[in-house]
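Asks: A predicted structure for the sequence below; I have some questions about it.
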Amino acid sequence: MSSLSAPVSTRPAASRPRLSVDATTRQKPAIVDLLGDWQYVERSMHRLICAWGREIAPWDDKSAIHRHVWDQAECVRRLRERIAQFPGGKPDAPVSARLEHLANAILLAPGLEDALDGIYQCLLKTLTAAYGEYSTHAHPIHDAPTVALLHEINQIKSQQWLWYRDWRRRHPHVTDATYRAAVESQLAACGHLREPLKIGAEGHARPAGVGTDFRLARFSRRDQPLRSQQPFMDYVRADFRTSLETRRLFWAYGYMLEKNLPDDQLRWLYDGHYMPWDWHHDISRHLWDESRHGDSGHSRLRDFNISLEEVGFPGYDNAEREALLQQIAAERGLSLDECFAHHDELLSSYRAEPITKPELYQHVFMIGLIAETGHFVVKNESYVDFKEGQDLESAEMMLFDIIDETAHVQYAHHWLPLLAEHAGIDNADYRERAARLREEYQSKADQGAAALQSSLPRTPGSPAYDFYQSLLTRIRAFHPLSNAATCPPRSGKPM
């Protein structure tokens, strides 16, 4: 008599795959809940970088931080898409508040350097270890899509780690012991992110930071001068319409200044926590695009042998900075020039109030419907003129910006209705309001340009005029425009 018996696996236990199904599983494998936890933590890391990113001063490191914001958005997107592929998978399903406690422990660092250690050392390494462990032990066929996306995410993390390692080599630092202990305690309470956490008496997690009194830096830091050596921009405003060479100077300088917007958008993302994830993803891409535009302008200025030490890197909020520096100068008995020379140190301790919902609506409205929409005509004109003048690199800079800005304007059209709903603003006539505002800005800019044309000194020996001419001479020497003398007048600078 023979009998059938259950086959016995000959594979060593250590090499057997980690299974997401047990006797109690219905249609949702266990990995779905773990993916949900990871998605929350990656989204928290996105918020942590936004929270502390304005404290980064060097130009190239700003570029890296802005890229990390976009990379984090892409990590979150990958995880959310994978969750949604499972029956019952809900990317916004609640997760344990223990994960919020972990994120807040990292957020509430004594200062920037400790925060970077918490984000890029403690959290990043824990995530990559958890992803690596799952990828090693998951069934390589059954859950291959998850394994593949975790490999992609770990490749992104490796680039973030390399930046952090380079930063730490340039800025040696020993992590505050109390802070590190608090972070490590929370990581242990979350099982180092290797198993899904059940929602217990602690409740479910809110977005990182919303339950704290954390405040972002009021002013984005920079280690370049806030002012140019001479006020050359008055000449640019006066000559923008009639001089192609002036427009080429403006676009290199103006694109460089766009490096300000991504630092502002870090606040949008952090304070706009109530908006859907897709908005955060769109704004993260917008942010990275604007950072690249800043890099384009900076690169072109360097091509032209023009440094930021000469033309400065003023903030869009320079009037607010200058008013505060004047106050500090009066209180401490310093000259305003001394305060400007040490602006980064003097302004670094000031914190920003959270952006209100009406303010966030207004920011998106003004950038998308006024600034970006309002510049399409002059950008397209310059693209054509630079191309015809055989400065193809400047033309390419214009074209890629136009392409990016077209997408950004669509983001604004898409999200303004929901932003208005949150803010209690009537958005019905937003297109008409935007058109009227653009006309008002254009009229004011035209009047200002006309007044400058009649009032600015244009004789050799005037410091500002000589400086302006020296910038044009250097640009001309690097790459003369074949149509500089023949290009007809174009549209006036919009604002």
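Replies: That came through, no problem.

Asks: can you give me the helices in the stretch 1-150 of the chain?
Replies: Using DSSP state H, counting those that start in this stretch, the helices found in the stretch 1-150 of the chain span residues 31-53, 59-84, 97-107, 112-116, 124-137, 144-170.

Asks: Now do the shortest one: which elements does it pack against?
Replies: When contacts are defined as 3 or more CB pairs under 8 Å, 6 or more residues apart in numbering; DSSP states H and E, helix 112-116 packs onto helix 31-53, helix 144-170. Yep, even glycine has a C-beta here, placed from its N, CA and C like the rest.

Asks: tell me which residues in it are buried?
Replies: By 16 or more other CB atoms under 10 Å, the buried positions in helix 112-116 come out as 112-116.

Asks: List the contacts of that helix.
Replies: 48, 51-52, 55-56, 106-107, 109, 164, 167-168, 171, 173, 175-176, 179-180 (CB atoms under 8 Å, 6 or more residues apart in numbering).

Asks: and if you look at stretch 483-492?
Replies: Here stretch 483-492 makes contact (CB under 8 Å, 6+ apart) with 240-242, 244-245, 247, 377-378, 381-382, 385, 388-389, 442, 445-446, 449, 476, 481.

Asks: Out of the residues you listed, which sit inside strands?
Replies: Using DSSP state E, no member of the contacts of stretch 483-492 falls in strands.

Asks: Which of the residues you listed fall within helices?
Replies: With helices taken from DSSP state H, the overlap with the contacts of stretch 483-492 comprises 244-245, 247, 377-378, 381-382, 385, 388, 442, 445-446, 449, 476.

Asks: which of those residues count as buried?
Replies: Of the members of those, the ones counted as buried by neighbours, 16+ other CB under 10 Å, are 244-245, 247, 378, 381-382, 385, 442, 445, 449.

Asks: if we take those, which one ends up nearest to Ser158?
Replies: Nearest to Ser158 among these is Ser382, at 39.1 Å by CB to CB.

Asks: wait, the closest one sits on Leu249?
Replies: No: with contact defined as CB atoms under 8 Å, Ser382 does not count as touching Leu249 (11.3 Å).

Asks: Tell me the spatial nearest neighbour of Ala57, not counting adjacent residues.
Replies: Arg221 (4.0 Å; CB to CB, 6 or more residues apart in numbering).

Asks: what's the farthest-apart pair in the ones in helices among the contacts of stretch 483-492?
Replies: So, the ones in helices among the contacts of stretch 483-492 by CB to CB: farthest apart are Gln442 and Arg476, at 28.9 Å.

Asks: Compute the number of surrounding residues for the residue nearest to Ala57.
Replies: Per other CB atoms under 10 Å, the neighbour tally for Arg221 reads 19.

Asks: if we can go back for a sec, selecting buried members of the contacts of helix 112-116 in ChimeraX, what would you type?
Replies: Here is the ChimeraX command that picks out the buried ones among these, judged by 16+ other CB under 10 Å:
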select :48,51,52,55,56,106,107,109,164,167,175,176,179,180
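
Asks: Which strands or helices does the host helix or strand of Ser284 pack on?
Replies: Under the criterion of DSSP states H and E, Ser284 resides in helix 277-303. With contacts taken as 3+ CB pairs under 8 Å, 6+ apart, helix 277-303 sits against helix 31-53, helix 59-84, helix 244-257, helix 260-271, helix 308-311, helix 392-423.

Asks: now those helices as TSV including mean pLDDT and distance to Cys122?
Replies: Formatted as TSV, these follow (pLDDT from 0 to 100; distance: least, CB to CB, whole Å):
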stretch	mean pLDDT	distance to Cys122
helix 31-53	97	11
helix 59-84	98	16
helix 244-257	98	35
helix 260-271	98	20
helix 308-311	98	34
helix 392-423	98	33
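
Asks: Now render those helices as TSV, adding distance to His280.
Replies: TSV is the format used below for the helices and strands packed on helix 277-303 (distance: least, CB to CB, whole Å):
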stretch	distance to His280
helix 31-53	7
helix 59-84	7
helix 244-257	25
helix 260-271	6
helix 308-311	31
helix 392-423	11
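
Asks: Relative to Arg194, which of these is closest?
Replies: helix 31-53 (8.2 Å).

Asks: three-state assignment of Glu195?
Replies: coil (DSSP: H, G, I helix; E, B strand; the rest coil).

Asks: What sits closest to it if chain neighbours are left out?
Replies: Leu34 (6.9 Å).

Asks: From what I see, the one you found and Tyr134 are in contact.
Replies: Yes: if you go by CB under 8 Å, Leu34 and Tyr134 touch, sitting 7.5 Å apart.

Asks: okay, and the common contacts of those two?
Replies: What both Leu34 and Tyr134 touch, as defined by CB under 8 Å, 6+ apart, is an empty set.

Asks: Flag every buried residue along stretch 264-282.
Replies: 264-273, 275, 277, 279-282.

Asks: Identify all contacting residues around it.
Replies: By CB under 8 Å, 6+ apart, stretch 264-282 touches 43, 46-47, 50-51, 53-54, 69, 73, 76-77, 80, 91-92, 207, 209-210, 216, 220, 283-284, 286-287, 290, 316, 352, 354-355, 357, 360, 363-364, 411, 414-415, 418-419, 422.
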